[in-house]
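**Student:** This is a predicted model, with the sequence first.
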Amino acid sequence: MMFLSLVGLPVVLLFLGVPVFAALMAAVLVTMVFFTSMPIVALQQIMFGSLDKFSLIAIPFFIFAGEMMGVGGISRRIINWVLSMFGGLRGGLPVTTVGASTCFGAISGSSPATVAAIGRLLYKPLLDKGYDKSFAAGLITSSGAIAIVIPPSVAMILYGIAAEQPITKLFIAGILPGLLLATILSAYLYVTDRSTRENKTERLSFLSATKEGFWALCAPVLVLGGIYLGVFSPTEAGGLASVYAIIVSVLVYREATWRDVLLVAGSAAMLTAQVMLIIAAAGAYSWLLTVNGIPQHVTNVLSALDENPAAFLILVNLLFLAVGCVLDPNSAILVLAPLLVPVAITMGIDPIHLGIIMTVNLSIGMFTPPFGLNIFVAQAVLNVPPTTIYKGIIPFFLLNLLALLVITFVPEVSLFLTHHL
C-alpha cells in the first residue's frame, strides 16, 4: 500500500490534470500520515533544505536574462546574424530557424523562451516564403528544444544538483550533443527543401549583421567563456547575463525601457516561483523515497539486467521518452535522477554522460504530443491549433531520436570535451 501511495497516487493525479507539485505533495502527505510515524514538521525542513542550494540562484538569473533579451532586440539581431550566413542557401530560412534557436538557447537556457522569441520573429517569414503552417510550426516548436541541451541549461543545473555532479562539466558535455542536434536538423532541411531559387531568402551582409549584432553576439561568448575559463561559476554567470541583458537592451539598443525591465522581472519571478515550488515538492518526494528504501528496490530490479549497460541505457531512454510526454524536464530530473544515477555508476556509466542522455530525452519530450510544453507555447505565440503542430513535428521527432541514439551509444559525443578541456 505504501508503494501505491508513493508511486501510484501521483501518477493518477497527474493524468487527472493535477499540477506536478500538488501531485507529489499529496503522495508525500498521504504516505507520511498513514504509513509512517515521521512527524509532519520534518516535511517543511526537507522542503526548505531542497531550496537551500547556491546553484539554484542561477535559475531565476537565466530565466530573466532570456526574457530580457527577447524584449530588448537581442534575439532579433542574433537571427539576422545567422540569416547572413545561411539566408542565400537552399532551405536558408528553415536552417536559420535552427541556428537562431541554438544561439538563443546558448543565452537563455530555456526551451519555451526560445520558442516564443524565435516564433514571433520567424513564423510569418516562413509562411511568406511558401512554407506551410504545419511545417513552420513544427520546425519552430522542435528546434526550440535544443535550448535545454546547448549550455547554459536550466535542466543541467537541476541535474547537477540532484545527481551531485559539477554543473560546469555538464555544460561542457552539452556542447557537442547540442551542435549534433542542430547539424542533423539543418542537414535534413537543406536536403529536403524544394523551394525555387526565386524563393530563397536574400542573404544579408555578414559584416553589417555582425556589426549591428555585435553586443548581442557577445552575450553567449561572455557567459560561456567566463564559465569555461573558470572566471566565474554558472550562478555568477547567470547574474552577469542578467545585468548584461539590461544594459544592452536599455542603454545600447534602446529597444526596452526601465518599465519593460520591471515587467520582465515580474514574469521571470512568477516562472521562478513555479520552478522552485516543484523543486521543493520533488525534494520532499525524493527524500521519502530514499528513507523508505525505494532506490534500493529499483537497484535490485535493474540488477536483473546482469549489469548490461546497453540494456540499462535503452531502458532509461524508453522511461524518459514516456515521462517526457507528461512531465516537464525539471520535475522529471528531480524525481528520477537520484534513483538512476547510483545504478548507472555501478554499471560503469559516466554520470555526466547519463545527464546528457536524460537532458536530450527530455528535450524531445518538450515537443512530444500531447503535453509537450513547447506545443502549448507555440500554440499561444503562433495562434495555430495543436493538430497543425502535431503534423509538422513528426519528421523532427524522428530526427531527434536518431541523434539520441548516437548520443546514447557513442559516449565520446558527450565526454570528448570534458576530457580535453
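**Tutor:** That came through fine.
**Student:** just the helices in the stretch 301-421 of the chain please.
**Tutor:** 309-324, 329-346, 351-365, 373-382, 386-409, 412-420 (DSSP state H, counting those that start in this stretch).
**Student:** So for residue 18, which of the ones you listed sits nearest?
**Tutor:** Of all the helices of the stretch 301-421 of the chain, helix 329-346 sits nearest to residue 18, with 12.5 Å by CB to CB. (C-beta placed from N, C-alpha, C; glycine too.)
**Student:** okay, the angle between the closest one and helix 351-365?
**Tutor:** An angle of 150 degrees separates the directions of helix 329-346 and helix 351-365 when computed by axes from the mean of the first three to the mean of the last three CA atoms, to 10 degrees.
**Student:** so where's this structure uncertain?
**Tutor:** Within the chain, the ranges that satisfy pLDDT under 70 run 1, 3, 194-204, 294-307, 326-327, 370-371, 421.
**Student:** now with 50?
**Tutor:** When the per-residue scores of the chain are filtered using pLDDT under 50, the ranges that remain are 196-199.
**Student:** if we can go back for a sec, out of the helices of the stretch 301-421 of the chain, which one sits most buried?
**Tutor:** Among these, helix 351-365 has the highest mean neighbour count (mean count of other CB atoms under 10 Å), at a mean of 26.
**Student:** Longest helix in this protein, by number of residues?
**Tutor:** Criterion DSSP state H: the longest helix present in the chain is helix 258-291.
**Student:** Could you pull out the buried residues of that one?
**Tutor:** The neighbour-count check on helix 258-291 (16 or more other CB atoms under 10 Å) flags 260-261, 264-265, 268, 271-272, 275-289 as buried.
**Student:** next one: stretch 27-35
**Tutor:** Within stretch 27-35, the residues scored as buried using 16+ other CB under 10 Å are 27-28, 30-32, 35.
**Student:** Same question for stretch 35-55.
**Tutor:** Applying a neighbour-count criterion of 16+ other CB under 10 Å, one finds 35, 43, 46-47, 50 buried in stretch 35-55.
**Student:** next one: stretch 363-372
**Tutor:** Residues of stretch 363-372 classed as buried by neighbour count (16+ other CB under 10 Å): 363-368, 371-372.
**Student:** follow-up on the earlier one: just the closest of the buried residues of stretch 27-35 to residue 167, please.
**Tutor:** Taking CB to CB as the measure, residue 167 lies nearest residue 28 of the buried residues of stretch 27-35, at 26.9 Å.
**Student:** And the host helix or strand of residue 223, what does it pack against?
**Tutor:** Using DSSP states H and E, residue 223 maps to helix 214-228. Based on contacts counted as 3 or more CB pairs under 8 Å, 6 or more residues apart in numbering; DSSP states H and E, the elements that helix 214-228 packs against are helix 74-86, helix 92-108, helix 167-192, helix 234-246.
**Student:** got the buried residues of stretch 363-372 as TSV, with distance to residue 127 columns?
**Tutor:** Rendered in TSV, the data for these read as follows (distance: CB to CB, whole Å):
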residue	distance to residue 127
363	26
364	26
365	27
366	23
367	19
368	24
371	26
372	22
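**Student:** quick one: which of the residues you listed is nearest residue 135?
**Tutor:** Of all the buried residues of stretch 363-372, the one sitting nearest residue 135 is residue 367; the distance, using CB to CB, is 13.9 Å.
**Student:** isn't that closest one right next to residue 390, touching?
**Tutor:** No - because the distance of 9.7 Å does not satisfy CB atoms under 8 Å, residue 367 is recorded as not touching residue 390.
**Student:** Spell out which residues are contacts of both of those two.
**Tutor:** Both residue 367 and residue 390 are contacted by residue 375, under the criterion CB atoms under 8 Å, 6 or more residues apart in numbering.
**Student:** Nearest residue to the middle of the protein?
**Tutor:** Nearest to the centroid of the C-alpha atoms of the chain, with distances taken as CA atoms, centre = their mean, sits residue 148, at 2.5 Å.
**Student:** Might one say that it is in contact with residue 361?
**Tutor:** No - the criterion here is CB under 8 Å, and residue 148 misses it with residue 361 at 10.7 Å.
**Student:** one step back: for the buried residues of stretch 35-55, which two are the farthest from each other?
**Tutor:** Of all pairs drawn from those, the one with the largest separation by CB to CB is 35 and 50; the distance is 21.5 Å.
**Student:** sorry, back to before: for the helices of the stretch 301-421 of the chain, give me JSON lines that also has distance to residue 237.
**Tutor:** What follows is the helices of the stretch 301-421 of the chain, written out as JSON lines (distance: least, CB to CB, whole Å):
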{"stretch": "helix 309-324", "distance to residue 237": "27"}
{"stretch": "helix 329-346", "distance to residue 237": "19"}
{"stretch": "helix 351-365", "distance to residue 237": "18"}
{"stretch": "helix 373-382", "distance to residue 237": "24"}
{"stretch": "helix 386-409", "distance to residue 237": "25"}
{"stretch": "helix 412-420", "distance to residue 237": "18"}
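**Student:** which one of those lies closest to residue 207?
**Tutor:** Taking CB to CB as the criterion, residue 207 comes closest to helix 412-420 out of those, the separation being 30.2 Å.
**Student:** tell me the angle that closest one makes with helix 167-192.
**Tutor:** Using the same axes, to 10 degrees, the interaxial angle of helix 412-420 with respect to helix 167-192 works out to 140 degrees.
**Student:** ok so, going back, same for the longest helix of the chain, what does it pack against?
**Tutor:** If you count contacts as 3+ CB pairs under 8 Å, 6+ apart, helix 258-291 packs onto helix 20-35, helix 41-51, helix 58-71, helix 154-163, helix 329-346.
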